[in-house]
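> With the input below, show me the fold.
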Amino acid sequence: MKDTENMELDELEEDEAAENFITLTDDNGEDVSFEIIGTVEYQERIFAVLIPFDDEDDEVVILEIIPGEGPDFDEFVSVDDEDLLNRIFEE
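Below you'll find the model as predicted:
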């Protein structure tokens, strides 16, 4: 049987791990899960660097984060400009 301190530590570690993952709905209405590698601030904009769970190629996805009214209301938007994507990737 675990003591309370270890249970709280385990729960904290699970919460921290959950913060590194996100599920987004694509344009086709499909849910796609990602691991959040990090964020990049570039030219006063914020971008998320993500790896899809079901992508075996280790392809990185970069989406712009458009802040909403609360922490759960941020919008993730695809970036169509290849030059911008390359600059963000290099950051």
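> what about the longest strand anywhere in the chain, average pLDDT?
For the chain, the longest strand by residue count, based on DSSP state E, is strand 31-42. Here strand 31-42 scores 90 as its mean pLDDT.
> Show me what the spatially most central residue of the chain is bridged to.
In the chain, the residue lying closest to the centroid (C-alpha atoms, centre = their mean) is Ile36, at 3.5 Å. Per DSSP bridges, the residues bridged to Ile36 are Leu50.
> quick one on the thing from earlier: hmm, who's touching the longest strand of the chain?
For strand 31-42, the external contacting residues (C-beta atoms under 8 Å, 6 or more residues apart in numbering) are 19-26, 46-54, 60-62, 65, 87-88, 91. From N, CA and C alone the C-beta is placed, and that goes for glycine too.
> now with 7 Å?
By C-beta atoms under 7 Å, 6 or more residues apart in numbering, the residues outside strand 31-42 that reach it are 20-26, 46-53, 61, 87-88, 91.
> next one: stretch 62-75
Residues outside stretch 62-75 that contact it (C-beta under 7 Å, 6+ apart): 45-50, 76-79, 85, 88-89.
> rerun at 10 Å
Residues outside stretch 62-75 that contact it (C-beta atoms under 10 Å, 6 or more residues apart in numbering): 22, 24, 34, 37, 39-42, 45-50, 76-79, 84-86, 88-89.
> Buried only: go through these for me.
Taking 16 or more other C-beta atoms under 10 Å as the criterion, what is buried in the contacts of stretch 62-75 is Ile22, Leu24, Phe34, Val40, Phe47, Ala48, Val49, Leu50, Phe76, Leu84, Leu85, Ile88.
> Looking at those residues, point me to the pair that's furthest apart.
Ile22 and Leu84 (21.5 Å; C-beta to C-beta).
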